[in-house]
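K.L.:
this is a predicted model, with the sequence first.
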Amino acid sequence: QQQVKQSPQSLIVQKGGISIINCAYENTAFDYFPWYQQFPGKGPALLIAIRPDVSEKKEGRFTISFNKSAKQFSLHIMDSQPGDSATYFCAAKGDDKIIFGKGTRLHILP
Amino acid sequence: NAGVTQTPKFQVLKTGQSMTLQCAQDMNHNSMYWYRQDPGMGLRLIYYSASEGTTDKGEVPNGYNVSRLNKREFSLRLESAAPSQTSVYFCASSRGGQGIYEQYFGPGTRLTVT
């Protein structure tokens, strides 16, 4: 019940394309769903986050879509750029803890 | 502001040796966390401290101990290192409190146990 399942494990997208990463959860008590971006050799950094009372949140080229009934949420990166190449983690907050998915390694082809 | 700092950046230990990973934050955050990151496993919570003076176990606490020395500092100790503890360790902090959840991560410590 505490798991967050993320897919795909890796993703290759052409420059200018749309990158889509999906996550699913079981625990309906989760109340905050962030996405973190991690570059090689660095710690993760918050990219964008959403609460379950909102179905979509957009910040620049990054959009979270949230489906509460299906217990799924996804990250869309529009007009993907080589600089977006990184590992992305979805996560969910329960109690005082944030549970992370296993990550998606995204590579944008120039 | 330096944010979250971790020392050392790299460490090689022999099986059975002990060491302490240090973490400090200068953002006046209440909550601090220790994670380990292994290939294909994501970030797994080892221990966390919701506020000064409290610590709680996370998902993978076995083989580790922690100390919340003060509001700024949260250390992770390996008493008898094992090869299974080879990993990248991240410390994180957050302001805590109602609705404030963003975690700020340090640069990580790469630990190899031989």
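P.N.:
All right, it came through fine. In this text, all values refer to a predicted model and were calculated from it rather than measured experimentally.
K.L.:
quick one: residues contacting residue 10.
P.N.:
If you meant another chain, say so; for now it's chain A. A:104-107 (Cβ atoms under 8 Å, 6 or more residues apart in numbering or on different chains). C-beta coordinates here come from the backbone N, C-alpha and C atoms, glycine included.
K.L.:
hm, I was asking about chain B
P.N.:
Per Cβ under 8 Å, 6+ apart, neighbours of B:Phe10: B:109-111.
K.L.:
any idea what it is bridged to?
P.N.:
Under the criterion DSSP bridges, B:Phe10 forms beta bridges with B:Arg110.
K.L.:
please name the bridge partners of the nearest residue to A:Ser55 once chain neighbours are set aside.
P.N.:
Residue nearest to A:Ser55 in three dimensions, not counting chain neighbours: A:Phe66, with 5.5 Å by Cβ to Cβ, 6 or more residues apart in numbering or on different chains. A:Phe66 has these beta-bridge partners by DSSP bridges: A:Phe73.
K.L.:
could you do A:Gln37 as well?
P.N.:
Assigned bridge partners for A:Gln37, using DSSP bridges, are A:Ala45, A:Tyr88.
K.L.:
any idea how far chain B is from it?
P.N.:
11 Å (Cβ to the nearest Cβ, to the nearest Å).
K.L.:
where's that residue relative to B:Leu78, distance?
P.N.:
29 Å (Cβ to Cβ, to the nearest Å).
K.L.:
returning to what we had before: closest to B:Tyr47 among the contacts of A:Ser10?
P.N.:
Using Cβ to Cβ, A:Thr104 comes nearest to B:Tyr47 of the contacts of A:Ser10, at 26.4 Å.
K.L.:
give me the phi and psi for that closest one.
P.N.:
In terms of degrees, to the nearest 10, the main-chain angles of A:Thr104 are phi -130, psi 120.
K.L.:
check contacts around the residue nearest the centre of chain B.
P.N.:
Residue closest to the mean C-alpha point of chain B, counted by Cα atoms, centre = their mean, is B:Trp34 at 2.7 Å. Residues near B:Trp34 by Cβ under 8 Å, 6+ apart: B:21, B:23, B:45-48, B:58, B:64, B:66, B:74, B:76, B:89-92.
K.L.:
done for today, thanks.
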